[in-house]
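Asks: have a look at this prediction, sequence included:
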Amino acid sequence: MKKKFFGTDGIRGAVGTHPVTPDFMLKLGWAIGKVLGKEKGSKILIGKDTRISGYMIESALEAGLSAAGVDILLLGPMPTPAIAHLTRTLKAQAGIVISASHNPFSDNGIKFFSAEGTKLSDEVEHAIEAELEKELVCCDSLMLGKASRIDDAPGRYIEYCKNTFPADLNLNDLKIVVDCANGATYHIAPKVFTELGAELISIGDRPDGMNINADFGSTHPENLQKEVLAHKADLGIAFDGDGDRLILVDHEGELVDGDQLLYIMAMSKYAKGALKGGVVGTLMTNLGLEHAFKKHEIPFSRAGVGDRYVMEQLLEKNWRLGGESSGHLICLDQTTTGDGIIAALQVLAAVVEQGKCLKELTAGMKKYPMLLINVRVVEKPDLDSQPEIQAALNEAEAELADTGRVLLRPSGTEPLIRVMVEGQDQQLVESVAQKLADVVKKVSS
């Protein structure tokens, strides 16, 4: 059954527009409490990023949870993966994250973690939506939930992150620029890297409620590139607004994306015999990564786009490492969800252990040229039932042969058909992509 409010990663939208309104968030808090707070002494954590709207949403959720008879633990601004970790260690029934990730400050949303620090199941999300259809009934005054603040939440998470870094290594010889996107990692990430010994230059660490992701962070790495070169740093690390994804910059100011980071981590584990099974990527993972793994006979599998689907395949195959090109990387041998800081530490461990720079560590993976064309449509066609599109798709695949691949997929949020082509030859990729996009546009107009 299709969900009314929940998307692939919680609920998200423009602040002030349904469902990101105070009245809906009040009702949502109550519904969550009714579904997840049935046990005696139930408690639910609330954390947030640095958006100004977080105050409003936090208060509304708190009121709703209290009305359902559930105690609330307030964490304040914390990275998304920190809330997953603290939900487990504080033995809470659930964790709530108020964040719109890499979106601008005018958006916000809600993400959830189970008691085990994992995403909520479809069954639980359906149960919450069912409660939202009911009338809000406040529990008796004697049963109202209480709220308290966990003042040492940042320190707990900093120590947890540091403990995922090998105990016999340090960062003493590295100069690192860290970009916190004026988001949830601003008071966490600099301390993690500094306490492990790095010489640190910190940018994007002055949130004002409205500058999250604005010209900083993993979606705007230009400032990071400039700072790495200006300070002659060994590398740079940029997080997104809620700290669950990252991108790196090497000492020459070149970007190192999620596919390349996944390669570094996988090959480091493989060399030590610590890579359990294979690696999960997505439909958008660069073909160069797949081919690089094939040389070493490392199993590789593609999931749908989105960390939820990467996680599903990891659990199904009992593998431990996966991620997306965007930098959402999952290390299940270290944590239960995508974590930018912990992923960065795994890459830095490889840098220190092998005594190599990022450029050297990615040398074994050749990124293939990729072109993505978004074709705007009035109505998304059923791609499989369009003979002209299927013929063009078959022709494109034949033209590329085994030197590339083609992907056609409708956008999940916009009236677009995404035409993606990648291969070894740049000119061929551009030619094939444009011809295919023209056919999609013709059929869909």
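Replies: Structure received.
Asks: distance from the chain centre to the helix ranked longest in the chain, please.
Replies: Assignment by DSSP state H gives helix 426-444 as the longest helix of the chain. Centroid separation for helix 426-444 versus its chain: 30 Å, with Cα atoms, centre = their mean, to the nearest Å.
Asks: got a pLDDT number for the residue of the chain positioned farthest from its centre?
Replies: When distances are taken from the C-alpha mean of the chain, L142 lies farthest, 40.2 Å away, according to Cα atoms, centre = their mean. Looking at L142, its pLDDT stands at 94.
Asks: surely it is within a helix?
Replies: Yes - counting by DSSP: H, G, I helix; E, B strand; the rest coil, L142 is found in a helix.
Asks: what's opposite the closest residue to S411 other than its chain neighbours in the beta bridge?
Replies: Take S411 and drop its neighbours on the chain: the residue closest to it by Cβ to Cβ, 6 or more residues apart in numbering is R418, 6.0 Å away. Where C-beta positions appear, they are placed from N, C-alpha and C, glycine not excepted. Counting by DSSP bridges, R418 forms beta bridges with N374, R409.
Asks: quick one, what contacts the residue most central in space within the chain?
Replies: Residue closest to the average C-alpha location in the chain (Cα atoms, centre = their mean): H328, at 4.1 Å. Counting by Cβ atoms under 8 Å, 6 or more residues apart in numbering, H328 touches D244, R245, G258, D307, V310, G338.
Asks: which residues of the stretch 151-300 of the chain fall in strands?
Replies: Under the criterion DSSP state E, counting those that start in this stretch, the stretch 151-300 of the chain contains strands at 175-179, 199-203, 235-239, 246-249, 255-256, 279-282, 300-303.
Asks: let me fix that: the stretch 1-150 of the chain
Replies: 11-14, 43-48, 71-77, 94-98, 107-114, 147-149.
Asks: packing partners of the fifth one?
Replies: So the one you mean is strand 107-114. strand 11-14, helix 22-36, helix 53-67, helix 80-89, strand 94-98 (3 or more Cβ pairs under 8 Å, 6 or more residues apart in numbering; DSSP states H and E).
Asks: format the strands of the stretch 1-150 of the chain as CSV; extra columns: distance to K27.
Replies: Converted to CSV, the strands of the stretch 1-150 of the chain look like this (distance: least, Cβ to Cβ, whole Å):
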stretch, distance to K27
strand 11-14, 12
strand 43-48, 15
strand 71-77, 16
strand 94-98, 14
strand 107-114, 12
strand 147-149, 18
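Asks: switch these over to CSV; also include mean neighbour count.
Replies: Shown next, in CSV, are these (neighbours: other Cβ atoms under 10 Å):
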stretch, mean neighbour count
strand 11-14, 19
strand 43-48, 26
strand 71-77, 21
strand 94-98, 28
strand 107-114, 24
strand 147-149, 13
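Asks: mind putting these into CSV with mean pLDDT and distance to Y160?
Replies: Output for these, formatted as CSV (pLDDT from 0 to 100; distance: least, Cβ to Cβ, whole Å):
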stretch, mean pLDDT, distance to Y160
strand 11-14, 94, 27
strand 43-48, 98, 14
strand 71-77, 98, 14
strand 94-98, 97, 14
strand 107-114, 96, 15
strand 147-149, 97, 19
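Asks: any idea which of those gets closest to R302?
Replies: strand 107-114 (24.1 Å; Cβ to Cβ).
Asks: and the closest one with helix 22-36, angle?
Replies: Relative orientation of strand 107-114 versus helix 22-36 (axes from the mean of the first three to the mean of the last three Cα atoms, to 10 degrees): 10 degrees.
Asks: got the angle between strand 107-114 and helix 53-67?
Replies: With the same axes, to 10 degrees applied, the angle from strand 107-114 to helix 53-67 works out at 40 degrees.
Asks: from the chain's centroid, how far away is strand 107-114?
Replies: The answer for strand 107-114 is 12 Å, by Cα atoms, centre = their mean.
Asks: ok, stretch 202-214 next?
Replies: For stretch 202-214, the distance to the chain centre is 18 Å (Cα atoms, centre = their mean).
Asks: circling back: tell me which of the helices and strands packed on strand 107-114 is the most buried.
Replies: Among those, ranked by average contacts under mean count of other Cβ atoms under 10 Å, first place goes to strand 94-98 (a mean of 28).
Asks: what's it packed up against?
Replies: helix 22-36, strand 43-48, helix 53-67, helix 80-89, strand 107-114.
Asks: figure out which of the ones you listed is closest to C180.
Replies: Closest of these to C180 is helix 80-89, at 13.4 Å (criterion: Cβ to Cβ).
Asks: distance from that closest one to the middle of the chain?
Replies: Using Cα atoms, centre = their mean, the offset of helix 80-89 from its chain centre is 15 Å.
Asks: what stretches of the stretch 251-400 of the chain score poorly on pLDDT?
Replies: For the stretch 251-400 of the chain, applying pLDDT under 70 flags no range at all.
Asks: run through the residues that contact the closest residue to V97 other than its chain neighbours.
Replies: Among residues not flanking V97 along the chain, K111 sits closest, at 4.2 Å (Cβ to Cβ, 6+ apart). K111 makes contact with D9, G10, T80, I96, V97, S99, K119, according to Cβ under 8 Å, 6+ apart.
Asks: ok, G241 next?
Replies: Applying Cβ under 8 Å, 6+ apart to G241 gives the contacts 49-51, 99-103, 181-184, 212-213, 217.
Asks: what's the domain layout of this structure?
Replies: In the domain annotation for the chain, the residue ranges read 11-155, 163-361, 370-444 (automatic domain parsing).
Asks: would you list those in TSV and tack on distance to F5?
Replies: Below are the domains of the chain laid out as TSV (distance: least, Cβ to Cβ, whole Å):
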stretch	distance to F5
domain 11-155	5
domain 163-361	16
domain 370-444	14
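Asks: nearest to K3, of those?
Replies: domain 11-155 (5.9 Å).
Asks: what separates the closest one from the chain centre, distance-wise?
Replies: 19 Å.
Asks: so L275 is in contact with Y263, correct?
Replies: No - L275 is not in contact with Y263 according to Cβ atoms under 8 Å; the separation is 11.8 Å.
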